[in-house]
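Undergrad: Sequence first, predicted coordinates after that:
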Amino acid sequence: MIVSFIILFVYGLTIDLKTALESALEYSPHLKSLKEEMRSFDGKALIYRWYINPSVGVEFGNFGTSKESFGKSPFYRLSYLQPILLYPIGKLSKGVVENEKQAFRLFLEKEKNILLGEVYRTFYEALYKKELLKIAETNLKISDEIYRFVKKLYEFGETTRIELSKAETEQKLAKTEIEIAKAEYKNTLKKLYSLVGKEVEDVEGKLEDIKEIGEIKPEELPHVRLYDYTIESIKRSIELEKLFAKPQLSIEVLTEKVAEIEYGIRFGITTTLPLFYRKEGEILQLMSSANALSYQKEKEIINIKSEYENLMKRYIIIKEEFQRIEDEILPRAKQNLSLAIKSYQLRIITFLELSDTERRYMELLKYRAGILMKAHEEFAKYLTLGGKL
């Protein structure tokens, strides 16, 4: 088992959608950095304590008119000033930070949804490129069969060198198409590797696995709800600024020299007098920010509803087109190709007509794969909005 794990780690692995999504959430450096940043709110909640830090003052020496020397009486006064926490500053400060933390947590959820949408799209892009590779292999297989048949006809003198040359060209083009498809598939696997943090050799799944898009309620999405917490945080900040605009009391204890070897103790109360400025600027800025965020929230909800409705319309059209291809167009195209091959073998149609029928069949297979990829791109957008798998 350990050997198998080492082989998978060194040489890569086959990955399915569930593993890709889980690995991306675990690996993402961006999400890790956001989680570390979220821890900073625990420290931010303690910042309010700066307000209750005391002040200490010590005075030495004496005036020039004093008859006492400095060496005889160097210490003159000691003061201690302690701010009094009369208002619920600590409670409001913690409320501000807690709402900021909740808003940031929802922002983290939003970033997770964006990542899931990107991983989902890249995973199915890899399956799409893998499907194109299969189509190219099918094309080569058909081209090989036609070439071998044309070559036999030429050897028996029943066809021209021109038709043999055309068959050879079709075969070479099919081989080139396979090489291009392989390169594109490998490039997509590298993109997936950058998201999941693991070397990926192959993807496991079906491109035809089209999922149902569920209902989205914009008011419940993380990137909408975070507005509520941000606005609430600003409201708490406004209350906090109003408290700071009130008189702030402090108690002072003073020890002062009153005689040659005697010291006295006095107590006092000091207060700030906010006569000329009562935090009006800060409060006005915060109120404007809260109002702006309310309008932004309304706009976000409208945009999400519009995007979701358009997404659903496109998704329904894509699914209907895929079903039409599966039920009507593809079976008929397969039948036409099979009939064209038999007709050419019976020398009823020309090589040009056979080649044209084969080309249209391959284009239909690519178109079918493209339709499926469009469906998955729309579902990836749904996940980015906050939809669920």
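TA: Arrived safely.
Undergrad: So Thr14: helix, strand or coil?
TA: Secondary structure state of Thr14, per DSSP: H, G, I helix; E, B strand; the rest coil, is strand.
Undergrad: Next one: it from Lys374, what distance?
TA: Distance, Thr14 to Lys374, using C-beta to C-beta, to the nearest Å: 25 Å. C-beta coordinates here come from the backbone N, C-alpha and C atoms, glycine included.
Undergrad: Of the two, which one has the most company?
TA: The neighbour comparison of Thr14 against Lys374 (other C-beta atoms under 10 Å) goes to Lys374, with 17 against 11.
Undergrad: ok, now which ones touch the more buried one?
TA: Counting by C-beta atoms under 8 Å, 6 or more residues apart in numbering, Lys374 touches Arg314, Ile318.
Undergrad: That one should be in a helix, yeah?
TA: Yes - membership of Lys374 in a helix is supported by three-state DSSP.
Undergrad: Give me the number of neighbouring residues for the closest residue to Leu153 other than its chain neighbours.
TA: Nearest non-adjacent residue to Leu153, counting by C-beta to C-beta, 6 or more residues apart in numbering: Thr159, 4.1 Å away. Residues lying near Thr159 (other C-beta under 10 Å) number 18.
Undergrad: Same question for the one 4 residues further on.
TA: The burial count assigned to Glu163 is 20, neighbours taken as other C-beta under 10 Å.
Undergrad: What backbone torsions are found at Asp202?
TA: Dihedral pair for Asp202: phi -160, psi 160, per degrees, to the nearest 10.
Undergrad: how close does the closest residue to Met312 other than its chain neighbours get to Tyr308?
TA: Spatial nearest neighbour of Met312, chain neighbours left out: Ile213 (6.4 Å); criterion: C-beta to C-beta, 6+ apart. From Ile213 across to Tyr308, the span is 9 Å (C-beta to C-beta).
Undergrad: shared neighbours, those two?
TA: Both Ile213 and Tyr308 are in contact with Tyr382, where contact means C-beta under 8 Å, 6+ apart.
Undergrad: How are the strands of the stretch 201-350 of the chain distributed by residue range?
TA: With DSSP state E, counting those that start in this stretch as the criterion, the stretch 201-350 of the chain has strands at 249-257, 263-271.
Undergrad: Residues contacting the last one from elsewhere in the structure, which ones?
TA: Taking C-beta under 8 Å, 6+ apart as the criterion, the residues outside strand 263-271 that touch it are 81, 247-258.
Undergrad: Measure how far the helix of greatest length in the chain is from the centre of its chain, please.
TA: Ranked by residue count under DSSP state H, the longest helix found in the chain is helix 89-155. Distance of helix 89-155 from its chain centroid, counting by C-alpha atoms, centre = their mean, to the nearest Å, is 13 Å.
Undergrad: And for stretch 344-354?
TA: How far stretch 344-354 lies from its chain's middle: 54 Å, per C-alpha atoms, centre = their mean.
Undergrad: Mind listing what's buried along it?
TA: In terms of neighbour count (16 or more other C-beta atoms under 10 Å), stretch 344-354 has its buried residues at Tyr344, Ile349, Phe351, Leu354.
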